[in-house]
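Peer 1: Sequence unavailable; structure follows:
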Ligand SMILES: C[S@@+](CC[C@H](N)C(=O)[O-])C[C@H]1O[C@@H](n2cnc3c(N)ncnc32)[C@H](O)[C@@H]1O
């Protein structure tokens, strides 16, 4: 559908990334204990490594992906960047003439994003977010919903759908996989396949016109992964 949206991606193979990796403990994955660990371990990673994460991902070029969402929205419309990290995409949306609101679970990343963009970024989690009714023209969840536990995803999606205006659209990305994983940095992932994503994004979670596809490419911190992309319209 979109060719390779990462062809212009510039991964920050920088000192920041090397520093980040050097801080990681034993790369062996302890799947059982990790998967029962609180979701806080993931957010703690982002809080503890916010500056390095920002330096390693700030210049990632997602400009081939933005139009998939933005071209469906009214010009100057209101976009929510949910799980915005250090604010790279907020800035891109502002530069394209959109109004933006944002939240992120990491207080440190939210602070960096606020400083970068001038948009006040709320410290908030999908799980606790009191979703407004019909507020946004578009919602962008780039590599963020993937940190929500599988059992909490349907409720998070219903809240996101509710927050969209009629005719609004959501874009989300996940890593491809049949089960949940923990990476060597301690981050927990709810992975999806094309099939499980199609099952999840539908009438029950408040979406229609759903398109799901996959594409291989580098992840934000230099690993190679297969991404599952989802573009979904708010159900009428
Ligand atoms: C892989 S990063 C992606 C950040 C940003 N979207 C980007 O593309 O650079 C995942 C982000 O999700 C945030 N996050 C993790 N769990 C979250 C949750 N439960 N609710 C909201 N944000 C969460 C993290 O703090 C982090 O900023």
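Peer 2: Nice, I can see it. Source: prediction; values computed, not measured.

Peer 1: Residue of the protein nearest the ligand, please.
Peer 2: Of all residues in the chain, residue 85 sits closest to the ligand, at 2.7 Å by Cβ to the nearest ligand atom. C-beta coordinates here come from the backbone N, C-alpha and C atoms, glycine included.

Peer 1: What backbone torsions are found at that residue?
Peer 2: phi 60, psi -140 (degrees, to the nearest 10).

Peer 1: Okay, it and residue 165: tell me how far apart.
Peer 2: 25 Å (Cβ to Cβ, to the nearest Å).

Peer 1: higher neighbour count, those two?
Peer 2: residue 85 (27 against 17; other Cβ atoms under 10 Å).

Peer 1: The more buried one touches residue 102, doesn't it?
Peer 2: No: the pair residue 85 and residue 102 fails to qualify as a contact (Cβ atoms under 8 Å) at a distance of 9.4 Å.

Peer 1: Which residues are in contact with each of those two?
Peer 2: Residues touching both residue 85 and residue 102 by Cβ atoms under 8 Å, 6 or more residues apart in numbering: residue 113.

Peer 1: how about the helices of the chain, start to end?
Peer 2: 15-23, 31-36, 40-48, 50-57, 66-70, 88-95, 107-117, 153-163, 194-200 (DSSP state H).

Peer 1: TSV for these, including mean neighbour count and distance to residue 176?
Peer 2: Formatted as TSV, those follow (neighbours: other Cβ atoms under 10 Å; distance: least, Cβ to Cβ, whole Å):
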stretch	mean neighbour count	distance to residue 176
helix 15-23	15	23
helix 31-36	11	17
helix 40-48	18	19
helix 50-57	21	20
helix 66-70	18	18
helix 88-95	20	21
helix 107-117	20	24
helix 153-163	19	15
helix 194-200	17	8
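
Peer 1: The ligand contacts on the protein?
Peer 2: Counting by Cβ under 6 Å from any ligand atom, the chain comes close to the ligand at 42-43, 46, 57, 83-85, 88, 104-106, 109, 125-127, 142-144, 147-148, 220.

Peer 1: Please repeat the previous calculation with a cut-off of 8 Å.
Peer 2: Within the chain, the positions near the ligand by Cβ under 8 Å from any ligand atom are 39, 42-43, 46-47, 53, 57, 60, 62, 81-86, 88-89, 103-106, 109, 124-127, 129, 140-144, 146-148, 187, 219-220.

Peer 1: Can you select the buried ones from these in PyMOL?
Peer 2: To isolate the buried ones among those in PyMOL, judged by 16 or more other Cβ atoms under 10 Å, type:
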select buried, resi 42+43+46+47+53+57+60+62+81+82+83+84+85+86+88+89+103+104+105+106+109+124+125+126+129+140+141+142+143+144+146+147+148+187+219+220
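
Peer 1: Sitting in strands, which of the residues of the chain next to the ligand do you find?
Peer 2: Residues of those located in strands (DSSP state E): 81, 82, 103, 104, 140, 141.

Peer 1: Which of the residues you listed lies at the shortest distance from residue 178?
Peer 2: residue 141 (20.8 Å; Cβ to Cβ).

Peer 1: Can you name the residues that contact the closest one?
Peer 2: 82, 83, 160, 170, 171, 172, 173.

Peer 1: nearest to residue 211, of the residues you listed?
Peer 2: Closest to residue 211, out of all of these and judged by Cβ to Cβ, is residue 171, at 10.0 Å.

Peer 1: Isn't that closest one up against residue 69?
Peer 2: Yes: with contacts counted by Cβ under 8 Å, residue 171 reaches residue 69, the gap being 4.2 Å.
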